[in-house]
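Asker: okay, predicted coordinates and the sequence, questions at the end:
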Amino acid sequence: MLFAVGTLSALFPTFSESAAPIEAGDLKRALHLTSFGHAALARQDTERAERYYDDALDLVDGFPSAYVGLGHIAMRDGRYEDALGAYRGALEGWEKTSARLARMSESVTMRRASRAALEVTLLQDAIAQIKRHDRREKEKGEPADSPSPKTFRLENAIVREQAITLPDAPLPLPPPPGELHFLIGNALFKLQRYDEAMHAWHSCLELAPEFSPVYQNLALLYAMRGQPERVEWSLERLAECGSPAPESGRRELLSAAEARAR
């Protein structure tokens, strides 16, 4: 029931205030490398994913998305201490890169929208010219059942115009700090460091109170601790977030909590 997605803690650097400024080109390349890493990880190609994440970290020290990817791999492999170090590295690197990534993402989205709008305008101009041409051909008595090549161009232009959609989402960004605390809590739970996991998940709630998976994890931990009233509270919050637990799961958690409370 735990939402655990899914190197290494002793090797992860501590970022200093005097670190060299991040170049925009390196930031963009690191973003693409981590995207390739996520795609490789989705294909279960963890070796290739790790190479992409390592390359991203070579470009941008502390790049949070790369650390998150390494954390997911470590969680899959059962290397929970390594996963904890990776997720903490992501949290530490988040402040270093997130603002610039957000500005870059917005800028790229604006450029894409501008290019798409320009292409639509050019096509509309081409369509208008072809329509004028067809009207002149008809005025000359051109047979209606003999469309000119320009008519086909018109049809193709219309299809192309309809296929253009303005981008409505920015480039993917690293998980925000609230979700990073959630991932840290998952690794701590796997390490059976339950007090620390509880603290990390409550840190997640403070920053992201509508992040529903954390309530399910809290319900599980409260059940293990024999606190049925806190289980109820967690499940109520989960339902308010639009993800109610199945009734059978709810009964199971409450029964477990009540049994431990005796």
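Answerer: That came through, no problem.

Asker: tell me the domain ranges of this protein?
Answerer: 24-101, 109-163, 177-261 (automatic domain parsing).

Asker: ok, residue 191 touching residue 80?
Answerer: Yes: the pair residue 191 and residue 80 qualifies as a contact (CB atoms under 8 Å) at a distance of 4.9 Å. C-beta: built from backbone N, CA, C; applies to glycine.

Asker: quick one, which of the two is more surrounded?
Answerer: Using other CB atoms under 10 Å as the criterion, residue 191 and residue 80 rank with residue 80 on top: 21 against 14.

Asker: and the residue nearest to that one when sequence neighbours are not counted, how far is that from residue 179?
Answerer: Nearest residue to residue 80, sequence neighbours excluded (CB to CB, 6 or more residues apart in numbering): residue 190, at 4.2 Å. Using CB to CB, to the nearest Å, residue 190 is found at 17 Å from residue 179.

Asker: which parts of the stretch 101-250 of the chain are helices?
Answerer: Secondary structure of the stretch 101-250 of the chain (DSSP state H, counting those that start in this stretch): helices at 149-163, 177-190, 194-207, 213-224, 228-240, 247-261.

Asker: return the most buried member of those helices.
Answerer: helix 177-190 (a mean of 24; mean count of other CB atoms under 10 Å).

Asker: quick one, that helix and helix 194-207 angle?
Answerer: 170 degrees (axes from the mean of the first three to the mean of the last three CA atoms, to 10 degrees).

Asker: run the angle between helix 177-190 and helix 213-224 for me.
Answerer: Using the same axes, to 10 degrees: helix 177-190 against helix 213-224 is 30 degrees.

Asker: what's helix 177-190 in contact with?
Answerer: 2-5, 64, 68, 71, 75, 80-81, 83-84, 87-88, 90-91, 94, 174-175, 194, 196-201, 203-208, 211, 213-214, 217, 221 (CB atoms under 8 Å, 6 or more residues apart in numbering).

Asker: residue ranges with poor pLDDT in the chain?
Answerer: Within the chain, the stretches with pLDDT under 70 are 1-22, 24, 98-128, 130, 141-173.

Asker: repeat that with 50
Answerer: Applying pLDDT under 50 to the chain picks out residues 1-19, 105-113, 164-171.

Asker: name the SS class of the residue lying closest to residue 46 once chain neighbours are set aside, please.
Answerer: Distances taken as CB to CB, 6+ apart put residue 73 closest to residue 46, at 5.2 Å, once the chain neighbours are dropped. Using DSSP: H, G, I helix; E, B strand; the rest coil, the structure places residue 73 in helix.

Asker: just the one 10 residues further on next, same as before
Answerer: Using three-state DSSP as the criterion, the local structure at residue 83 reads helix.

Asker: surely it and residue 74 touch.
Answerer: Yes: assessed by CB under 8 Å, residue 83 is found in contact with residue 74 at 3.7 Å.

Asker: looking at the two, which is more packed in?
Answerer: residue 83 (32 against 25).

Asker: measure the residue nearest to residue 80 to residue 232 for me?
Answerer: Look at residue 190 and residue 232: by CB to CB, they are 25 Å apart.
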